[in-house]
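Peer 1: Have a look; sequence and predicted model below, questions after that.
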Amino acid sequence: MVFKKLDKCKVKFINEKNYNDLTLEKFTELENKEKKKDNKKIKEKTKNEKIAKEEKEEKKEIKTTKTEKEYPAFFSWQKLPYPVISTLTLRNDNTGIININFHETKEDCIGSIAINSGGINGNWSISCPDNQKRTGVFKKKLGASGTLKIEDGTIIGDGFDFYRNKIKFVSMMN
């Protein structure tokens, strides 16, 4: 194709679509308008996304500001030759953490508490790292799990360790 500079080039039809004498100037004008519209939409969208993110962060902050309450727990662990010093940390109405300290072997174990939605029954479990300083079969794979119930502000837990030794604990919530 050879173009000569005579006048403005006007497009009338392409593939049977009428373009009403579209010129290069009109085309760039329309294109710039569309870009401006797209930029406005993008800016509005990012503003809306930022607002939505801020609202979500505020909601998260509200959820995480619940208070944690610690309660001492008293364990009875069959065949374990030393006392168990423990605290229950309740994060909210349904979950919590069990922290156990074995003073003789200077180690900590951690566990979890899950209370059912009714608030009167639940489950617990703990796990301890292997330690050669412990006596008997308790040197490896020391862990336990069981059920719990809440009666009159008292958490009562029953269960067994991995060696089928009976475990009970009591914690007063008042």
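Peer 2: Yep, that arrived.
Peer 1: Counting by contacts, list what the helix or strand where residue 25 lies packs against.
Peer 2: Element membership for residue 25 (DSSP states H and E) is helix 24-64. Of the remaining helices and strands, none touches helix 24-64 by 3 or more C-beta pairs under 8 Å, 6 or more residues apart in numbering; DSSP states H and E. For glycine as for every other residue, the C-beta is placed from the backbone atoms N, C-alpha and C.
Peer 1: ok, residue 165 touching residue 78?
Peer 2: Yes: using C-beta atoms under 8 Å, residue 165 makes contact with residue 78 at a distance of 4.0 Å.
Peer 1: Between those two, which has more neighbouring residues?
Peer 2: Comparing residue 165 with residue 78 by other C-beta atoms under 10 Å, the one with more neighbours is residue 165, at 15 against 12.
Peer 1: now that one: how far from residue 103?
Peer 2: 19 Å (C-beta to C-beta, to the nearest Å).
Peer 1: same check, this time on residue 85
Peer 2: 6 Å.
Peer 1: In terms of neighbours, single out the busier of those two.
Peer 2: residue 85 (15 against 10).
Peer 1: wait, isn't that one in contact with residue 101?
Peer 2: Yes: counting by C-beta under 8 Å, residue 85 does reach residue 101; the two are 4.6 Å apart.
Peer 1: and the closest residue to residue 72 other than its chain neighbours, what does it touch?
Peer 2: Closest residue in space to residue 72, ignoring its immediate chain neighbours: residue 87 at 5.9 Å, by C-beta to C-beta, 6 or more residues apart in numbering. Counting by C-beta atoms under 8 Å, 6 or more residues apart in numbering, residue 87 touches 70-73, 98-99.
Peer 1: which residues does residue 124 contact?
Peer 2: With the criterion set at C-beta under 8 Å, 6+ apart, residue 124 makes contact with 98, 111-114, 145-148, 157, 159.
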